[in-house]
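Participant: Here is a sequence together with a model predicted from it:
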Amino acid sequence: MSASSTAARAQSRPVLKRFPPPLRILGYALVIGLGLLYVLPFAIQLATGFKTDPDAAAHPLGMIPVTPTTAAYQRLFGISQAGDGVPFLRWLGNTVFVATVVTAGRVLFASMAGYALARLRFPGRTLLFGFLLSVIAVPPVVLLIPRFLVLNTFGLFDTYAAMILPLLVDAAQIFIMKQFFESIPREVEEAARVDGAGVFRTYWSVVLPMARPALITVTILAFQGSWNEFTHYLVATQSSQYETLTTGLARMVSGGLGGGTQYPLKLAAALLSTLPVAVLFFSFQRHFVRGANAGSVKE
Amino acid sequence: MSARTSRHPRPDARSRAGEGSRTAGPPGEPDTPGGPGPHPAASAAPARRVRRRGEGAWGWLFVSPAVLVLGLFLVLPTLMALWVSLLHWDGQSNPFSGQTEFAGLDNYRALLTQDGLDRTLFATSLRNTFYYVLLTVPLQTVLALSLALIVNQRLLRGRGALRTAFFFPAVTSSIAVSTIFLFLFQGSGAVNAVLSWIGVKGPNWFNDPRGVFSLLLGGLGIVDTGHPSGALAGHSVMGLSWFEWLSGPSVAMCTIILLAVWTTSGTFMLIFLAALQDIPRELEEAAAMEGVNRFQMLRYVILPALRPVLFLVLTLGLIATWQVFDQVYVMSQGAPGNTTLTPAFLSYSTAFDNGDFGQGAAIAFVLLVVILIMTTLQRLLLRERTARPRRNR
């Protein structure tokens, strides 16, 4: 009656019988069609990035460019001077810098707060936990103007600090860390304490290394979140020197920069800005899945 | 299981429940400091006492960065905005110096009761969002559940690849994805090219402000969409005629709805999938013994087991859809004819484009209230419906 034997049985014997063959073929066709609906837009994006403007307009569905060109990518990387320059490398640099700092901060602060909430006793702990729970429920859009007000009042508006500081802590990620620390047996820490390790030492050299899976999950979520962040960067900055991939691309696409359609250029920029997250996603899928569920399903 | 909301449950009970469901291995010792839980073994007592000293200080030290950041950039802003929503402030002077004109509830009055452009715009944004929510939430929920059921089929080949495909759009940036959809839905874009294969001439998606319900009624010859008559045009609520309220989401809004359904279904699929895999095998096996077919299995075994998760997904969907902003910013900026204007975007553009921060903040707070009412209402409705069948059985 062990769990593993039940699992093996579950794997081998399905509860309901297979569909009859005609139904099965129809089912597969349907499922493949659904899958294509999710994949094709990205495929079209990839193909269009190597097209010329007229080609993209004439053959929006064509998977193979009529006259393949890397003009869009050359413009993005400043190799060709055709047309007005798109400061893509500036956007990329800003995004890499801000996302890196934000990720580091989120991981450190989430693990510290998560550890304290899971393991340390201090006055006001229960109250703080309730506060965090209610903070998670504040709709981000309601914070658009409020955040601008605070940044403006502190004289931080339009600086890197304005982009980074408010994002350094994410309450949901504190919960993920807290959940994980609670699953680590207390005996480990007790042993360390008996050996004379202090609170910080125990946290840093004993518990944190054991929390690697949770740390990876939080790192990935934090990086993906700050890389894709848009509204906060939009209200925290104004000058073009602070533009990130999202705000720069949004301005370019919504018509502020460069006239005409220029879809190959826009789609190439969108593709490049997705690429790092895509690579991360395909190499750490398991952790994405875990994070998606940990972030939403709380119990 | 309940959603992550502002409801304050007893934290200790909640954290323990979470631990139980998440860890597959033997759970750690119950850890509810502060609670009158069972005392640890005697041997651990000295260690405990040692830990007590200075632990409070360490605790606060560890949470202080989080408390500082959340307090400064979440609590303080909200209070400041509440104050600013009572002012006529243009974003230039210091709103806390007392020199800015105090407006009282004027900003809220302009939105809700006074005739004028402000109220018309706000009502329009509410109308748009109402339809957006009405279509997006059910569609994304049904689609996500279907995807989860498909990917959960043990006999299906390539489940992993499918899961990856379905979830990937949810991971990418909303701005990049909106760019792709702009290209796909252009007048001569990919979507219309596909439609032309089956002889349909697709609309000029992003320039079409016509409401789809009015198009439907017009097509059936019930209402003359050019000149709506009688009660439809004569009566109005908040500055919009009944006809405008009832005309449905515009064609342009439909593209944003499709985009939302496409991107969010992956996340919700994963939540459903996790719940599906938590359904005990014995339950399904017992039902199979009874000779139920697939439909009965879904109706009487799977759906009842999924009810709490369904509730969670609906609530998360409701909260998220009322806040739609990124897609509107990139794809339409409220155009055409304000038919993709949403409260979130209106709040932003009122403040940052028109320099009326008081009004913008007021819109944000009304939006907050709407979201809170929606989730409360939905919770009440669902609670009643979950309670009744149980009594009948």
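Facilitator: Everything's here; your move. Keep in mind that what you see is a predicted model, and the values were worked out from it rather than measured. Residues are numbered from 1 along each chain as shown, chains lettered A, B, ... in the order given.
Participant: And the strands in chain B?
Facilitator: With DSSP state E as the criterion, chain B has strands at B:87-88, B:101-102, B:236-237, B:240-241.
Participant: worst average pLDDT in those?
Facilitator: Mean pLDDT is lowest for strand B:236-237 among these, at a mean of 74.
Participant: re earlier: so for chain A, which of the strands of chain B sits nearest?
Facilitator: strand B:87-88 (11.0 Å; C-beta to the nearest C-beta). Backbone N, C-alpha and C define where each C-beta goes, glycine included.
Participant: That closest one close to chain A?
Facilitator: No: applying C-beta under 8 Å from any C-beta of the partner chain, one finds strand B:87-88 separated from chain A by no less than 11.0 Å.
Participant: Could you list the paired strands of that strand along with their orientation?
Facilitator: Note on strand B:87-88: by DSSP bridges, its sheet partners are strand B:101-102 (antiparallel).
Participant: and the strand it pairs with, how far from the chain's centre?
Facilitator: From the chain centre to the centre of strand B:101-102 is a distance of 35 Å (C-alpha atoms, centre = their mean, to the nearest Å).
Participant: what's next to it, contact-wise?
Facilitator: Contact with strand B:101-102 is made by B:Leu86, B:Leu87, B:His88, as judged by C-beta atoms under 8 Å, 6 or more residues apart in numbering or on different chains.
Participant: will you turn the residues you listed into CSV that also has neighbour count and distance to A:Asp195?
Facilitator: Output for the contacts of strand B:101-102, formatted as CSV (neighbours: other C-beta atoms under 10 Å in any protein chain shown; distance: C-beta to C-beta, whole Å):
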residue, neighbour count, distance to A:Asp195
B:Leu86, 18, 58
B:Leu87, 21, 59
B:His88, 16, 64
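Participant: Which of the residues in stretch B:123-134 are classified as buried?
Facilitator: Within stretch B:123-134, the residues that count as buried by 16 or more other C-beta atoms under 10 Å in any protein chain shown are B:Ala123, B:Thr124, B:Ser125, B:Leu126, B:Arg127, B:Asn128, B:Thr129, B:Tyr131, B:Tyr132, B:Val133.
Participant: Tally up the residues packed near the residue lying closest to the fifth one once chain neighbours are set aside, please.
Facilitator: When you say that, I think you mean B:Arg127. Spatial nearest neighbour of B:Arg127, chain neighbours left out: B:Trp245 (5.8 Å); criterion: C-beta to C-beta, 6 or more residues apart in numbering or on different chains. Look at B:Trp245: counted by other C-beta atoms under 10 Å in any protein chain shown, it has 20 neighbours.
Participant: Pull out the buried residues from stretch A:24-31.
Facilitator: With the criterion 16+ other C-beta under 10 Å, stretch A:24-31 contains buried residues A:Val31.
Participant: hmm, that stretch touching chain B?
Facilitator: Yes: judged by C-beta under 8 Å from any C-beta, stretch A:24-31 comes into contact with chain B through A:Val31.
Participant: can you check stretch A:221-229 too?
Facilitator: Yes: under the criterion of C-beta under 8 Å from any C-beta, chain B is reached by stretch A:221-229 at A:Gln224, A:Trp227, A:Asn228.
Participant: What is the nearest of these to B:Val171?
Facilitator: Closest approach between those and B:Val171, by C-beta to C-beta: A:Gln224, at 6.4 Å.
Participant: hang on, isn't that closest one packed against A:Pro276?
Facilitator: No: using C-beta atoms under 8 Å, A:Gln224 makes no contact with A:Pro276, being 9.1 Å away.
Participant: higher neighbour count, those two?
Facilitator: Shown here are A:Gln224 and A:Pro276; by other C-beta under 10 Å, A:Gln224 has more neighbours (22 against 17).
Participant: With adjacent residues omitted, what lies nearest to the more buried one?
Facilitator: What sits nearest to A:Gln224 in space, not counting adjacent residues and going by C-beta to C-beta, 6+ apart, is A:Val277, at 5.4 Å.
Participant: can you give me phi and psi for the one you found?
Facilitator: When read as degrees, to the nearest 10, the backbone of A:Val277 gives phi -70, psi -40.
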